[in-house]
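Novice: make a model of this:
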Amino acid sequence: MSFDAPPIDSTLSLSSELHRLGLTHAGTTLSALSRGDIHETRRVLKRLRAVLCLADGDRMASKADKALRNVGRMLSTTRDLEVSRELLPSFTGHLSTREEQQLNALLDPAAQRHTAIERALPILHNVCLDLYEWQPEADWGTLGKAVARSYRLAMSRLKECRDHARAARKPPKGNTQKIKPLSEPLHEMRKELKRLSHQLCLLPAESGEEPSPEVSPEPSPSWLERKKAEVRRASQLLGQEHDLHIFQERLGSHARLVLPILGPRRSVLQNEAIESAAHFLRKKPGAFYRRLETHLARIQERASREISCSP
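Specialist: Numbers count the residues shown, from 1 in each chain. Just a heads-up that it's a prediction; the model follows:
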């Protein structure tokens, strides 16, 4: 079962809110891993790391983030196999029963699962204990700069993807070096956009109400809601492409059996993902940061009014 913590409450101390979010996500992650739900563990793990990145320069946050990165790596093989097994039926309609059984056995995560969970649990438990004592020093200016830095990194990854795609289409003359797969820069961009997506979801809305699909006529979405929708769309496309890349990689030499279907699908997804990311990242970092500062100033003004009006 999935659980999402509410966004930052701007009427409370930002430091206490980061502490709350860190503890909430850490507890949810530990609970998910304890019951063997690796997908949910990795999902909330990314949210927790996004929270820690907002406490820029905090030693305990940096230490916890490194430990969580190691936990994610420990669980990645099992999760990759699980996802690949889920994808398999979409590509086996033309295969014989024997070929399908061979691929299914190749993608069995059972051997990896128990060991991965056993190794990751004590590390995650220690992170939870550390975060219980965590006292982050944070302000809205630091938070804004952390989000803007994630945006700049994502834009750099987008440029790498575009340069790579251009070089793959028309390699420079005399270049004998092997061009690395497009999946590599796409995966790096996916990680940055995912972190940025989680960080934007932590921010309060400018108004007291979130846009609701039940209201008619539907209110115009705020700047934050638009950016969240755009980055979510790009992240979803990149996630689908990454899953297919892992699927192909896990099959090894057997991938030839599904490449006639898999290859074209990946090509379409890669182009759509780059276009979607470019749409989200269409503003230069400076312009994005200035608009973000405006948003943060407005929610602080609203919070001040709410506090002054409270009994």
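Novice: mind giving me the packing neighbours of whatever helix or strand Leu68 lives in?
Specialist: Element membership for Leu68, per DSSP states H and E: helix 59-87. Judged by 3 or more C-beta pairs under 8 Å, 6 or more residues apart in numbering; DSSP states H and E, the packing partners of helix 59-87 are helix 14-34, helix 38-54, helix 110-132, helix 223-251. For every residue, glycine as well, the C-beta is placed using N, CA and C.
Novice: go with 6 Å
Specialist: Helices and strands touching helix 59-87, by 3 or more C-beta pairs under 6 Å, 6 or more residues apart in numbering; DSSP states H and E, are helix 38-54, helix 110-132, helix 223-251.
Novice: immediately after the longest one, which helix or strand?
Specialist: Past helix 223-251, further along toward the C-terminus, the next helix or strand under DSSP H and E is helix 259-280.
Novice: what are the contacting residues of that following helix?
Specialist: 91, 158, 161, 182, 230-231, 233-234, 237-238, 240-241, 244, 248 (C-beta atoms under 6 Å, 6 or more residues apart in numbering).
Novice: buried ones in that helix?
Specialist: Buried residues in helix 259-280, counting neighbours by 16 or more other C-beta atoms under 10 Å, are found at 262, 266, 269-270, 272-274, 276-277, 280.
Novice: and the helix or strand following it, which residues are buried?
Specialist: Next in sequence after helix 259-280, counting helices and strands by DSSP H and E, comes helix 285-309. Judged by neighbour count (16+ other C-beta under 10 Å), helix 285-309 contains these buried residues: 285, 288-289, 292, 295-296, 298-299, 302-303.
Novice: over to stretch 56-75?
Specialist: Those would be 56, 58, 60-61, 64-65, 67-68, 71-72, 74-75, for stretch 56-75 by 16+ other C-beta under 10 Å.
Novice: got it, and stretch 35-50?
Specialist: Judged by neighbour count using 16+ other C-beta under 10 Å, the buried positions of stretch 35-50 are 37-38, 40-50.
Novice: want to throw the helices and strands packed on helix 59-87 into CSV with mean pLDDT and distance to Ala205?
Specialist: Formatted as CSV, these follow (pLDDT from 0 to 100; distance: least, C-beta to C-beta, whole Å):
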stretch, mean pLDDT, distance to Ala205
helix 38-54, 94, 18
helix 110-132, 94, 26
helix 223-251, 95, 6
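Novice: what's the closest of those to Gln101?
Specialist: Relative to Gln101, the nearest member of the helices and strands packed on helix 59-87 by C-beta to C-beta is helix 223-251, separated by 13.8 Å.
Novice: by how many degrees do that closest one and helix 259-280 diverge?
Specialist: Here helix 223-251 runs at an angle of 160 degrees relative to helix 259-280 (axes from the mean of the first three to the mean of the last three C-alpha atoms, to 10 degrees).
Novice: could you pull up phi and psi at Asp139?
Specialist: Dihedral pair for Asp139: phi -140, psi 170, per degrees, to the nearest 10.
Novice: how far away is Arg195 from Thr77?
Specialist: 22 Å (C-beta to C-beta, to the nearest Å).
Novice: typed the wrong thing, it's Ala50
Specialist: Ala50 sits 23 Å away from Thr77, taking C-beta to C-beta as the criterion.
Novice: ok, back up a step: so which of the helices and strands packed on helix 59-87 is nearest Tyr151?
Specialist: Closest among the helices and strands packed on helix 59-87, using C-beta to C-beta: helix 223-251, at 9.5 Å.
Novice: how far off centre is the closest one?
Specialist: Relative to its chain's centre, helix 223-251 lies at 8 Å (C-alpha atoms, centre = their mean, to the nearest Å).
Novice: in it, what's buried?
Specialist: 224-225, 227-228, 230-235, 237-248, 250-251.
Novice: so for Arg195 and Thr77, which residue has more residues nearby?
Specialist: Arg195 (21 against 17; other C-beta atoms under 10 Å).
Novice: which element is that one on?
Specialist: Going by DSSP H and E, Arg195 is in helix 183-202.
Novice: what's that helix packed up against?
Specialist: helix 38-54, helix 140-169, helix 223-251.
Novice: which parts of that helix are buried?
Specialist: Across helix 183-202, burial judged by 16+ other C-beta under 10 Å covers 183, 185-202.
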